[in-house]
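Enquirer: Please work out how this folds:
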Amino acid sequence: MKSPDPAYPTQKWIAIIPARYASTRFPGKPLADIRGKSMIERVYLQARQALEHVWVATDDQRIEQAVSRFGGHCVMTSAEHTSGTDRVREALDHIEQESGKHFQVVINLQGDEPFIQPEQLRELMSCFSAPETQIATLIKAIDQNNDIFNENLPKVVTDQDSHALYFSRSPIPFIRNQDKNQWIQHYPFMKHVGLYAYRTDILRQITRLAPSSLELAESLEQNRWIQNGYRIKTAITLHENHPVDTPGDLEAILQHPNQNFNG
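Expert: I've put the predicted structure just below:
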């Protein structure tokens with residue numbers, strides 16, 4: 001990677017929010033109204049409570065226009081990306097080139113996380129107090145036994161230094177000689193929270209990797225990075241995430257009595 005030009009300022013953090021208009025289960029999801037603000041504005045405002053530099057990366061002019069209306073920063077990216085990670089990398093390249101700023105760490109914040117807590121972003125950022133951290137993500141304790149067996153809820157196991165060893169849709173680890181209905185009593189199972197941060201040089205490296213066999217088997221992109229020798233630092237969060245995949249998800253969240261909004 002080319003060394004930053006000393007004439008340009010170096011910034012520590014940037015959050016980039018990949019947002020697509022097309023969605024099979026929820027078309028136009030980033031523009032869905034949530035009590036007077038679009039979903040993408042909600043995500044943006046939550047991120048701005050923790051970071052100065054926040055951008056939306058999209059391939060759709062309707063989203064770009066919506067971001068401009070609420071005064072946010074937006075960058076147009078290719079419609080050909082197959083992952084949010086690839087979109088974030090392209091957006092980062094554009095932003096650094098156009099702004100003359102160089103960033104050390106980029107946070108990939110999903111555009112369907114309007115209820116993300118600023119504290120979760122700070123928890124993620126804390127992983128980079130260790131200079132050797134390459135990639136970081138959040139995990140949360142599973143408190144319902146049935147969730148251990150939910151294939152739509154990726155699980156993760158870590159080493160003694162909180163680096164991820166493996167992500168799986170299957171229950172990991174397997175608890176031998178115990179009733180499956182009681183597994184949660186015998187191991188602190190962890191689920192993955194889909195929020196990432198990468199050192200910018202590492203992001204540029206991992207987006208050049210070909211899909212790996214473990215990634216394709218589990219349909220979990222992060223296994224590509226592990227299989228290629230990269231290390232993912234994890235931090236435990238106590239906050240529950242509420243990603244919005246369908247209109248029904250949004251309706252259920254809005255009806256929850258404990259759901260709070262900032263603005």
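
Enquirer: give me the element W13 is part of.
Expert: strand 10-19 (DSSP states H and E).

Enquirer: quick check: mean pLDDT across that strand?
Expert: Strand 10-19 shows a mean pLDDT of 91.

Enquirer: cool, stretch 230-247 as well?
Expert: Averaged over stretch 230-247, pLDDT sits at 92.

Enquirer: Which of the residues in stretch 201-221 are classified as buried?
Expert: Buried residues in stretch 201-221, counted by 16 or more other CB atoms under 10 Å: 202-203, 205-207, 212, 214-215, 218, 220-221. Using the backbone N, CA and C atoms, a C-beta is placed for each residue, glycine as well.

Enquirer: measure it end to end?
Expert: In stretch 201-221, first residue to last residue: 18 Å (CA to CA, to the nearest Å).

Enquirer: still on that earlier bit, counting only helices, which of the buried residues of stretch 201-221 make the cut?
Expert: Judged by DSSP state H, the subset of the buried residues of stretch 201-221 located in helices is 202-203, 205-206, 214-215, 218.

Enquirer: count of residues packed around R89?
Expert: R89: 24 surrounding residues under other CB atoms under 10 Å.

Enquirer: what do you get for Q117?
Expert: Q117 has 19 nearby residues by other CB under 10 Å.

Enquirer: circling back to that earlier point, and which of the ones in helices among the buried residues of stretch 201-221 is nearest N228?
Expert: Of all those, N228 sits closest to I206, with 7.5 Å by CB to CB.

Enquirer: distance of that closest one from N181?
Expert: The gap separating I206 from N181 is 39 Å, by CB to CB, to the nearest Å.

Enquirer: do the same with G248
Expert: 28 Å.

Enquirer: Skipping its backbone neighbours, what lies nearest the most centrally placed residue in the chain in space?
Expert: Residue closest to the average C-alpha location in the chain (CA atoms, centre = their mean): L195, at 2.4 Å. Nearest non-adjacent residue to L195, counting by CB to CB, 6 or more residues apart in numbering: L138, 5.3 Å away.

Enquirer: What distance do you get for the residue nearest to K180 when sequence neighbours are not counted to I184?
Expert: Counting by CB to CB, 6+ apart, K180 lies nearest to F149, which is 7.5 Å off, once chain neighbours are set aside. As for F149, its distance to I184 is 11 Å (criterion: CB to CB).

Enquirer: more crowded one of the two?
Expert: Using other CB under 10 Å as the criterion, F149 and I184 rank with I184 on top: 18 against 13.

Enquirer: after the top helix by length along the chain, next one along is what?
Expert: When the chain is parsed with DSSP H, its longest helix is helix 84-99. The element immediately downstream of helix 84-99 (helix or strand, assigned by DSSP H and E) is strand 102-108.

Enquirer: And that next one, what does it pack against?
Expert: Under the contact criterion of 3 or more CB pairs under 8 Å, 6 or more residues apart in numbering; DSSP states H and E, strand 102-108 touches strand 10-19, helix 84-99, helix 118-126, strand 190-199, helix 200-206.

Enquirer: And the closest residue to Q182 other than its chain neighbours, how far from P188?
Expert: Distance criterion CB to CB, 6+ apart; nearest residue to Q182, sequence neighbours excluded, is N145 at 7.4 Å. Counting by CB to CB, the separation of N145 from P188 is 13 Å.
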